[in-house]
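[1] Give me coordinates for this.
(one chain, ligands or ions: 2)
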Amino acid sequence: MTHLAPISGNEPRYALSPASTSLTPLFSPSKPQPLTDNFSRQLTYLRLSITDFCNFRCEYCLPDGYQGKPPEGELTVAEIATLVRGFAQVGTVKVRITGGEPSIRRDVVDIIKTIKQTPGIETVAMTSNGYKLGKHLASWQAAGLNQINISMDSFDAKVFHKMTGFDMLPQLLSDMDTLLETTDIKLKINSILMAETAYENLINAIDYVKQRPVTYRFIEFMQTSDNSELFFAQHAQSDMISHYLLQQGWQPHARGSAGGPAIEYSHADYLGRIGIIAPYAAHFCDSCNRLRVSSQGKVHLCLFDQGNYDIREHLRADDVAGLVKSLHSFMPIKPEHHYLHEANSGMMSNLSLIGG
Ligand code: SAM
Ligand code: SF4
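    Ligands and ions are numbered 1, 2, ... in the order given. So this is what the prediction gives:
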């Protein structure tokens, strides 16, 4: 039987005790093994938050905006280089930069370049509110960005303003069209599924993807300790979207093992797709392929875990071997699933803390 024993310092809170020495070693110093957790899930996708700070005030995330000054001590480009080298050695092929709002960081172009140049990394993606999209699009493309997910919760400028605190929907729509016309960056749009806006958003989204090769994804609203009131007022299940799409002749596609958590629907008459992310659905976590790292260098084994694990020492010391060893030691304790259905979002009081 495997025993978990607490240990201290910057190591994970639990590591395999000597009672487990009869198991196959998790780590071989000569050739790092891919990261695989106790549920046979291979972890090939890193979501890296590069700042907690955000300029928006999305009503479901940071309704009063980011409080205080932008945080100090965010991971440096050199630390990110070490981090990604370590992750690449254990099988990571895709890195998503997120936040807070990642495009707020002045060195975001260097960060994209650094990740892109790391051997083994095939895809660099970013999730952004799009505030700086127009200004920085060309430099992101030149740095090697492959994919961008833009959060856009409404096609109605007034609703967008109310939901985010920013009156910039026409600019954002125009910047996204420029992206489609002038770059080969793959575009997806994320929107929170809210009872009040769902139907109108769906009709507009279907119209939007008719001539555009874009996936518009509805994400079920997740409850955190900061947003319970709005959650109870607005949470809607995604069945209403899937029923409508099926009725209209849209075809669902199975979630691929390397793909994201969305079920995507396509239609012969439409260039783009409609996607659904339903974190409350049964078996949602079965195909989890990701680990998260915060902008302060802490590993989150699940978005809604109760704790996190500090790997900053390895990053400061450019200690890739130490990092790889720590990552392997986390594998026995990656949770099987979240507990959102029990209204338990762990330490995540809002999603700006680690990037959704
Ligand atoms: N600021 C960037 C943005 O908005 O795209 C990146 C960080 S944001 C936390 C990442 C994603 O999480 C966004 O698409 C956002 O809509 C989503 N999100 C935030 N709070 C959420 C919640 N309570 N439920 C579901 N998705 C949420
Ligand atoms: Fe900022 Fe993104 Fe949260 Fe909106 S969802 S407040 S843009 S971190």
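
[2] Residue 177: neighbour count?
    By other C-beta atoms under 10 Å, 12 other residues sit near residue 177. Every residue, glycine included, has its C-beta placed from N, CA and C.

[3] which parts of the helix or strand that contains it are buried?
    Element membership for residue 177 (DSSP states H and E) is helix 169-182. For helix 169-182, burial by neighbour count (16 or more other C-beta atoms under 10 Å) applies to 169, 172, 173, 175, 176, 179.

[4] Could I get these in a markdown table, plus columns for distance to ligand 1 and pLDDT?
    Formatted as a markdown table, those follow (distance: C-beta to the nearest ligand atom, whole Å; pLDDT from 0 to 100):
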| residue | distance to ligand 1 | pLDDT |
| --- | --- | --- |
| 169 | 14 | 98 |
| 172 | 12 | 98 |
| 173 | 16 | 98 |
| 175 | 14 | 98 |
| 176 | 13 | 98 |
| 179 | 15 | 98 |
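
[5] and which of those residues is nearest to residue 71?
    Nearest to residue 71 among the buried residues of helix 169-182 is residue 172, at 25.8 Å by C-beta to C-beta.

[6] which residues touch that closest one?
    130, 133, 150, 152, 160 (C-beta atoms under 8 Å, 6 or more residues apart in numbering).

[7] mind checking how far the closest residue to the third one other than its chain neighbours is from residue 166?
    Spatial nearest neighbour of residue 150, excluding adjacent residues (C-beta to C-beta, 6 or more residues apart in numbering): residue 130 at 4.4 Å. As defined by C-beta to C-beta, to the nearest Å, residue 130 lies at a distance of 10 Å from residue 166.

[8] out of these two, which sits in the more crowded spot?
    Counted by other C-beta under 10 Å, residue 130 and residue 166 do not tie: residue 130 has more neighbours, with 25 against 17.

[9] my read: the more buried one touches residue 151, true?
    Yes. Counting by C-beta atoms under 8 Å, residue 151 is a contact partner of residue 130 at 7.1 Å.

[10] where does the chain have low pLDDT?
    1-30, 256-259, 339, 342, 345 (pLDDT under 70).

[11] can we see that at 80?
    Scanning the chain for pLDDT under 80 picks out 1-32, 254-260, 280, 282-283, 304-306, 339-350, 352-356.

[12] How about the contacts made by residue 57?
    Here residue 57 is in contact with 63, 64, 65, 164, 165 (criterion: C-beta under 8 Å, 6+ apart).

[13] For ligand 1, see how far away it is.
    11 Å (C-beta to the nearest ligand atom, to the nearest Å).

[14] Give me the three-state assignment for that residue.
    Classification of residue 57 using DSSP: H, G, I helix; E, B strand; the rest coil returns coil.

[15] beta partners of residue 124?
    For residue 124, the beta-bridge partners are residue 95 (DSSP bridges).

[16] how far away is it from residue 91?
    Residue 124 is 16 Å from residue 91, by C-beta to C-beta.

[17] which of these two has more neighbours?
    residue 124 (25 against 18).

[18] Surely the more buried one touches residue 95?
    Yes. Residue 124 is in contact with residue 95 according to C-beta under 8 Å; the separation is 5.7 Å.

[19] anything in contact with each of those two?
    residue 115.

[20] which parts of the stretch 51-200 of the chain sit against ligand 1?
    Counting by C-beta under 6 Å from any ligand atom, the stretch 51-200 of the chain comes close to ligand 1 at 54, 60, 61, 98, 99, 101, 127, 128, 129, 151, 190, 192.

[21] Surely the fifth one and residue 294 touch.
    In this case it means residue 99. No. Using C-beta under 8 Å, residue 99 is not in contact with residue 294; the gap is 10.1 Å.

[22] who touches both of residue 130 and residue 151?
    With the criterion set as C-beta under 8 Å, 6+ apart, the contacts of residue 130 and residue 151 do not overlap.

[23] Please list the residues outside stretch 160-171 that contact it.
    So stretch 160-171 is contacted by 55-60, 65, 129, 131, 134, 152-157, 172 (C-beta under 8 Å, 6+ apart).

[24] that older thread, what is the nearest of the residues of the stretch 51-200 of the chain next to ligand 1 to residue 255?
    Distances from residue 255 to these, taken by C-beta to C-beta, are shortest for residue 190, at 16.3 Å.

[25] Which among the contacts of residue 57 count as buried?
    For these, a neighbour count by 16+ other C-beta under 10 Å gives the buried set as 164, 165.

[26] In the stretch 101-250 of the chain, mark out all the helices, start to finish.
    Taking DSSP state H, counting those that start in this stretch to define them, one finds helices in the stretch 101-250 of the chain at 108-116, 133-143, 157-164, 169-182, 198-208, 228-234, 239-247.

[27] Determine which stretch of the ones you listed is the most buried.
    Neighbour counts (mean count of other C-beta atoms under 10 Å) averaged over each of those peak at helix 108-116, with a mean of 21.
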